[in-house]
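Enquirer: sharing a model that was predicted from the sequence below.
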Amino acid sequence: MIDNARQGWNNSQARQRRRGSLQKLRKMKRDSAFLAQMEANTLCTDATEELETLEASEEAILDLKCHLNASDAAARSRALRRLHRMLSARPASDTGPLGWVAKLGVVPLLADVLSQADPAALCVLGSLAASTHAHAVAVIPAVPALIAQLHGPDSRTVGHVLCTLANVSLEDAAAKATIVTHGAAHKALQLIEAAESLETRSGCAWALSCFCKAPLSSEALALSSSIAQAVTGLVAELALDTTASVARTVEGMLVEVLGALTTIVETDGRALTGAEGLAPRLLAAAATRPALTAACFRLFGTIIADGPPAVVAELGRGGLLDLAQTVLAAKPTDTVACEVCWTVSSLMLGPPDQVMAVLGHSLFEFIISWAPRASHAVQYEICYILLNLINNGRSSDALQMAVYDMAVIDTVAEILTQVVESDRLSLLAMKTLDKLLAHQPPTGDWAAMAEAAGVRDVLGRLTFSSNLRVYEQAIMLLDEYFPADSDLTSDGW
C-alpha cells in the first residue's frame, strides 16, 4: 500500500529538485511563443501590400503612431500592417522597434484598434508579449482589450489571444491574476477540447500551463476536475490510430496539461479527490510513451506527497514500482531519472509498510547499485531518497535493513568519492552521511562501516576544499565520527 503522509524537506528544496524541468519548460515557452507569433503573421498578410523596404527608426514609429490615431479605418489598418512588418523583420531589442513601441505609448492605441477587431493589432501585441520581459510587461495596458477578444467566434484568433495573455502572465503575477480571474484559463481548457485546429489546441495547452503556475488563484484551482478530465481525454486520443506527427503534438499538449495539474495538486492536495481512474491511465501512458514519462512521474511524486489517499493507492496497485524500475533500467535522460527518483523519495516519507514495500522491491536495490554510475544530478536525487528514509522516524527497521542488507553506507561513500569537485553534491552527500551515522542503533557501529568504505580519506580530501561550507562540514564529520585514530586535527592539517 502507498500512503501520502509527508514530512521533512521544505518547498525551496523541492523547487531545486525541479530546476531542470522548469528550465526546459521555459525554453518550451519561448519556442511555443515564437511559433504562435509566426502563425499569427498570417493574420496580417495582405496580398495588395507593396513590398517596399521599411526603415525602422524611432521617428518612423512615431509617424505610425499618428496614423493609428487617425479616424480613417483604412489608414489605421495600413499603419498597423506596416508596424507589424517592421517589427517582424528585426530581432527583439530594448532599443529596437519593439522597444520604441513600448516606450512611445503605442500599446494603448493598439488596444483601441484591437477592440475594433483588427487582427493586425493582435499580431503586434503578440510580438511584444513574446519578446523580452520589459516588452511583455508593456502589453499589460492592453490586457482588458485582449480579454474582451476571448469571446470571439474564431477559435484560431482566440488561441492567439490566449498565447499573448500567457506570455504576459509569465512576466507579471498581478496581470496573471487578472487574466485568470476573467476566464482565460477556462477558455484555454475549452479550446483544448473543442478547437478544430490541432495547432490552436496545442497553443491553448501551453497557455493553460502558464495560467496554472504558482501562485494559483481560486479560479485556477476550481478547474482541477476539468483539467483531470482533459488529461483523460488526451490519453484516450493518443490511443487512436493517428499519424506520428499528430501523436507528437498530442503528447506535447499532454505534457503541458500535466504540468498544470501538477501545480494544482502541489497547491491543494485535495484537488484530485474523486479522480479515481486517472492514475492507471497515466501509468499506462508513461509506460508506452517515453515523451510523457518525466511529466507523469513529476505528477506521481506530487500525488504521493500531497494527493488524496484513494488516488495514491491506485498508483500502488497499478504497478508504480515496477514501472519505475523499468524506466531506470532503460538508461533514461537525467530529466526522466530525476523525476523517477523524486517519486521514490516521496514514497520514503510514508508509513513503515509503504517504506518496507519499496525496500522489499528490487527497485531500491537497483537504485543503490546504480547510484555510483549515475550522473551528479541523479546522485543528488538519490541522496534525497536516503535522507527521507533516514528522517522518517517511523521506519527504523527499514533503515537498518537498508544499511545491513543493501550497503547504503558504501553507496554514500562511493558518491562522496566521485563528487569532490561538486560542492553542491558534496554538501548533500555529507549531510546524508551525517544523518545516517546519527541514527545508528546502540548496538551498531556504522561509523566503522563508513571508515571501512574509505569515508575518512574522502573527508580528509574535502578539508582542502576552497568552499568554506564544504571544509567545515568535512571537519565536523571527522571530529564527530572519526576522532580516535585520525591524522587530521580540527585545523585540517
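Expert: The structure has been received and is ready for your questions. All of these numbers come straight from a predicted model, not from anything done at the bench. Residues are numbered from 1 along each chain as shown.

Enquirer: return the set of buried residues in stretch 444-458.
Expert: The neighbour-count check on stretch 444-458 (16 or more other C-beta atoms under 10 Å) flags 446-447, 449-451, 453, 455-456, 458 as buried. The C-beta positions use only the backbone N, C-alpha and C, and glycine is treated the same way.

Enquirer: my bad, stretch 270-278
Expert: Residues of stretch 270-278 classed as buried by neighbour count (16+ other C-beta under 10 Å): 271-272, 275, 278.

Enquirer: in strands only, show me those.
Expert: Per DSSP state E, strands hold no members of the buried residues of stretch 270-278.

Enquirer: and those residues, which is closest to Leu386?
Expert: Closest approach between the buried residues of stretch 270-278 and Leu386, by C-beta to C-beta: Leu272, at 28.5 Å.

Enquirer: show me the shaky parts of the stretch 351-493 of the chain.
Expert: The stretch 351-493 of the chain contains residues with pLDDT under 70 at 393, 395, 420, 484-493.

Enquirer: please enumerate the helices of it.
Expert: Counting by DSSP state H, counting those that start in this stretch, the stretch 351-493 of the chain has these helices, from start to end: 352-360, 362-370, 376-391, 396-406, 408-418, 423-438, 446-452, 455-462, 468-481.

Enquirer: so what's His182 up against?
Expert: Neighbouring residues of His182 by C-beta atoms under 8 Å, 6 or more residues apart in numbering: 147, 150.

Enquirer: so how far is Ser217 from it?
Expert: Per C-beta to C-beta, to the nearest Å, His182 is found 11 Å from Ser217.

Enquirer: now the helices of the stretch 351-493 of the chain as a markdown table including distance to Glu59?
Expert: Formatted as a markdown table, these follow (distance: least, C-beta to C-beta, whole Å):
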| stretch | distance to Glu59 |
| --- | --- |
| helix 352-360 | 68 |
| helix 362-370 | 64 |
| helix 376-391 | 51 |
| helix 396-406 | 72 |
| helix 408-418 | 61 |
| helix 423-438 | 51 |
| helix 446-452 | 73 |
| helix 455-462 | 62 |
| helix 468-481 | 56 |
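
Enquirer: show me the one of the ones you listed that comes nearest Ala228.
Expert: Across the helices of the stretch 351-493 of the chain, Ala228 has its closest neighbour in helix 352-360 (24.0 Å, C-beta to C-beta).

Enquirer: just want the angle from that closest one to helix 376-391.
Expert: Between helix 352-360 and helix 376-391, the angle comes out at 140 degrees (axes from the mean of the first three to the mean of the last three C-alpha atoms, to 10 degrees).

Enquirer: tabulate the CA atom coordinates of helix 352-360 in CSV.
Expert: Only the C-alpha atoms of helix 352-360 are listed here, as CSV (Å, rounded to 0.1, in the frame of the first residue of the first chain):
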residue,chain,number,x,y,z
PRO,A,352,6.5,1.7,7.7
ASP,A,353,4.6,-0.7,5.5
GLN,A,354,5.0,1.6,2.5
VAL,A,355,8.7,2.1,3.0
MET,A,356,9.3,-1.6,3.5
ALA,A,357,7.4,-2.3,0.3
VAL,A,358,9.8,-0.1,-1.5
LEU,A,359,12.9,-1.7,0.1
GLY,A,360,11.4,-5.1,-0.5
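
Enquirer: what's the distance between that helix and the middle of its chain?
Expert: 28 Å (C-alpha atoms, centre = their mean, to the nearest Å).

Enquirer: can you check stretch 287-303 too?
Expert: Computed by C-alpha atoms, centre = their mean, the chain-centroid distance of stretch 287-303 equals 12 Å.

Enquirer: residues in contact with that stretch?
Expert: With contacts defined as C-beta under 8 Å, 6+ apart, stretch 287-303 is touched by 4, 18, 21, 238, 248, 251-252, 254-255, 258-259, 261-262, 265-266, 272, 279, 282-283, 285-286, 311-312, 315, 320, 323-324, 326-327, 332-333, 335-336, 339-340, 342-343, 345-346.

Enquirer: what mean pLDDT does that stretch get?
Expert: Here stretch 287-303 scores 95 as its mean pLDDT.

Enquirer: do the same with stretch 330-337
Expert: Across stretch 330-337, the average pLDDT comes to 94.

Enquirer: may I have the distance across it, first residue to last?
Expert: This stretch, stretch 330-337, spans 10 Å end to end (C-alpha to C-alpha, to the nearest Å).

Enquirer: and the contacts of stretch 287-303, which of them are buried?
Expert: Counted by 16+ other C-beta under 10 Å, the contacts of stretch 287-303 give 4, 18, 21, 238, 251-252, 254-255, 258-259, 261-262, 265-266, 272, 279, 282-283, 285-286, 311-312, 315, 320, 323-324, 327, 332, 335-336, 339-340, 342-343, 345-346 as buried.

Enquirer: so how far is the longest helix anywhere in the chain off the chain centroid?
Expert: What stands out as the longest helix in the chain, according to DSSP state H, is helix 244-267. Helix 244-267 sits 11 Å away from the centroid of its parent chain (C-alpha atoms, centre = their mean).
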